[in-house]
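>>> when you get a sec, could you give me coordinates for this:
(one chain, ligands or ions: 1)
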Amino acid sequence: MTEFTVLVQDITTIKADIIVNAANELLLGGGGVDGAIHRAAGRELLAECKTLNGCLPGDAKVTKAYKLPAKYIIHTVGPRYYMMDERQAAEKLTGCYQKSIDLAVELKAKSIVFPAISCGVFMYPLNEAVKIAVTTIGRHPQIGQIDQVIFSVMDEQTAEVYRQELKNQKFS
Ligand code: AR6
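Okay, here's the model as predicted:
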C-alpha cells in the first residue's frame, strides 16, 4: 500500500528518492520552488538542465539531484492557469502528475515528493489542483510500486486542503 503524507516543509530539505520541481519550459531555473531547488542543488544542476532542450507543459524530464538529499529531480512544467481554458489546464496538470509517476516507476523509486505544481505564479486554484494531484497519483496504474508519496507545502492551510482531499478520496 502506498502511504500518502503531507509535510509543511521546504521540499529541498526532504529526503526521498525523487523530488519533483515545478519548472517552466526553459528548465533554466526561476523563482518559487524552482529557484529554491536550483539554489539548494548547486550550479551543476543548471549545467545538466541546459542539455535537456526544455520541456513542454504537461511533460517531465529527469536530472540528478546533486546537493539535494534525493537521488533524482523530476522537472515538470505545469499549465499557466490564466492563459488557457479550464479543461486544457486540467489536462496539462494531469499530465504533470501522470508523467512524473511514469518516470518514478521507470527509475524504480520508492518515494517521491511533490510541490503544489502550478499553484504559485501559474495561479492554478489550489482546491482544483489538489483534486487533480490526488486523483491522478492515486489512480495511476503503477502507483503500487511506490511506497511513499509526500506532498510538500509551505503552510498549514494548504496542508489542510491536501489532508481533506486525501480523506475524501480514501487515501488516508
Ligand atoms: N518547498 C515547497 N513548496 C514551495 C517552495 C519550497 N521551497 N517554494 C514555493 N513553494 P511556484 P508554479 C510552493 O510559483 O506556480 C517559477 O518561477 C508555493 O507556495 O514555485 O508551478 C518557475 O521557474 C506554491 O504553492 O510554481 C516557473 O516559471 C507552489 O510551491 C513558475 O514559477 C508552486 O509555486 C512555475 O509556477
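
>>> my guess is V113 contacts V20. True?
Yes: look at V113 against V20 with Cβ atoms under 8 Å: they come within range, at 6.5 Å. For glycine as for every other residue, the C-beta is placed from the backbone atoms N, C-alpha and C.

>>> who has more neighbours, these two?
For V113 versus V20, the count of surrounding residues by other Cβ atoms under 10 Å is larger for V20: 29 against 23.

>>> isn't that one right up against I112?
Yes: judged on Cβ under 8 Å, V20 makes contact with I112 at a distance of 6.7 Å.

>>> identify the contacts common to the two.
I74, S100 (Cβ atoms under 8 Å, 6 or more residues apart in numbering).

>>> buried residues in the lengthiest helix in the chain, which are they?
Secondary structure assigned by DSSP state H gives helix 86-106 as the longest helix of the chain. Using 16 or more other Cβ atoms under 10 Å as the test for burial, helix 86-106 gives 89-90, 92-101, 103-105.

>>> and what of stretch 67-77?
Buried-residue list, stretch 67-77, by 16+ other Cβ under 10 Å: L68, A70, K71, Y72, I73, I74, H75, T76, V77.

>>> now it: average pLDDT?
Predicted confidence along stretch 67-77 averages 98 (mean pLDDT).

>>> begin at 847, not 1, for the rest of this chat.
Okay, residue one is now 847; in that scheme the one you just asked about reads as stretch 913-923.

>>> ok, of the buried residues of helix 932-952, which one's closest to R1009?
Distance to R1009, by Cβ to Cβ, is smallest for Y943 among the buried residues of helix 932-952, at 17.9 Å.

>>> for that closest one, give its distance to A886.
With distances taken as Cβ to Cβ, to the nearest Å, Y943 is found 23 Å from A886.

>>> got JSON lines for the buried residues of stretch 913-923, with secondary structure and distance to V879 too?
Putting the buried residues of stretch 913-923 into JSON lines (DSSP: H, G, I helix; E, B strand; the rest coil; distance: Cβ to Cβ, whole Å) gives the following:
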{"residue": "L914", "secondary structure": "coil", "distance to V879": "12"}
{"residue": "A916", "secondary structure": "strand", "distance to V879": "14"}
{"residue": "K917", "secondary structure": "strand", "distance to V879": "18"}
{"residue": "Y918", "secondary structure": "strand", "distance to V879": "16"}
{"residue": "I919", "secondary structure": "strand", "distance to V879": "11"}
{"residue": "I920", "secondary structure": "strand", "distance to V879": "13"}
{"residue": "H921", "secondary structure": "strand", "distance to V879": "11"}
{"residue": "T922", "secondary structure": "strand", "distance to V879": "11"}
{"residue": "V923", "secondary structure": "strand", "distance to V879": "13"}
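
>>> many thanks, we can stop here.
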